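Peer 1: sequence first, then the predicted structure, then my questions.
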Amino acid sequence: MHRSSIDGVEATSADTTQTFARHSHERFGIGLVVRGGQRSSSGRGPVEARAGDAITVNPGEVHDGSPLDEQGRVWHMLYVSPALMDDVARDLEVRAGSSLEIERPVLRDARFAALFERA
């Protein structure tokens with residue numbers, strides 16, 4: 001766990017070969033794989049993410065995770081409270097009444113990865 005100066009945001013990093021059983025989080029998760037890769041099952045189907053890929057999870061979404069190889073993987077995650085995400089959606093003028101959900105479990109976008117690392 002890292003210190004976060006933003007209410008509603010938890011920041012974590014992991015460097016592990018551990019396999020995680022099915023679980024869920026109460027918050028939105030947005031992160032970046034920085035070394036290695038992982039396979040997982042999510043509420044959006046099978047997922048494979050490698051270094052440089054952004055990874056996401058929605059609140060309550062059941063998922064698991066295992067490394068692609070014996071080298072494991074490293075990732076950084078921001079877990080954002082649903083209330084804060086609702087505030088952001090309002091600021092971005094997302095239509096009222098729409099259900100907020102991150103649709104893509106893996107995003108391959110070099111610009112996003114660079115901005116996430118900078119943040």
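Peer 2: Okay, I see it.

Peer 1: dump the residue contacts of the closest residue to residue 73 other than its chain neighbours.
Peer 2: Among residues not flanking residue 73 along the chain, residue 36 sits closest, at 3.3 Å (CB to CB, 6 or more residues apart in numbering). Any C-beta I mention is one placed from the backbone N, CA and C, and that applies to glycine too. When contacts are counted by CB atoms under 8 Å, 6 or more residues apart in numbering, residue 36 touches 50, 51, 67, 68, 69, 71, 72, 73, 74.

Peer 1: in what helix or strand does residue 36 lie?
Peer 2: strand 28-42 (DSSP states H and E).

Peer 1: which is the succeeding secondary structure element to that strand?
Peer 2: Past strand 28-42, the next helix or strand by DSSP H and E is strand 45-50.

Peer 1: give me the helices and strands touching that following strand, please.
Peer 2: Strand 45-50 sits against strand 28-42, strand 106-107, with contacts defined as 3 or more CB pairs under 8 Å, 6 or more residues apart in numbering; DSSP states H and E.

Peer 1: which outside residues touch it?
Peer 2: Strand 45-50 is contacted by residues 33, 36, 37, 38, 39, 40, 41, 55, 63, 68, 105, 106 when judged by CB under 8 Å, 6+ apart.

Peer 1: distance to residue 83 and pLDDT added to these, as JSON lines?
Peer 2: Compiled in JSON lines, those are given as follows (distance: CB to CB, whole Å; pLDDT from 0 to 100):
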{"residue": "33", "distance to residue 83": "27", "pLDDT": "97"}
{"residue": "36", "distance to residue 83": "33", "pLDDT": "98"}
{"residue": "37", "distance to residue 83": "32", "pLDDT": "98"}
{"residue": "38", "distance to residue 83": "29", "pLDDT": "96"}
{"residue": "39", "distance to residue 83": "32", "pLDDT": "97"}
{"residue": "40", "distance to residue 83": "26", "pLDDT": "96"}
{"residue": "41", "distance to residue 83": "28", "pLDDT": "94"}
{"residue": "55", "distance to residue 83": "22", "pLDDT": "96"}
{"residue": "63", "distance to residue 83": "22", "pLDDT": "95"}
{"residue": "68", "distance to residue 83": "35", "pLDDT": "97"}
{"residue": "105", "distance to residue 83": "23", "pLDDT": "94"}
{"residue": "106", "distance to residue 83": "26", "pLDDT": "95"}
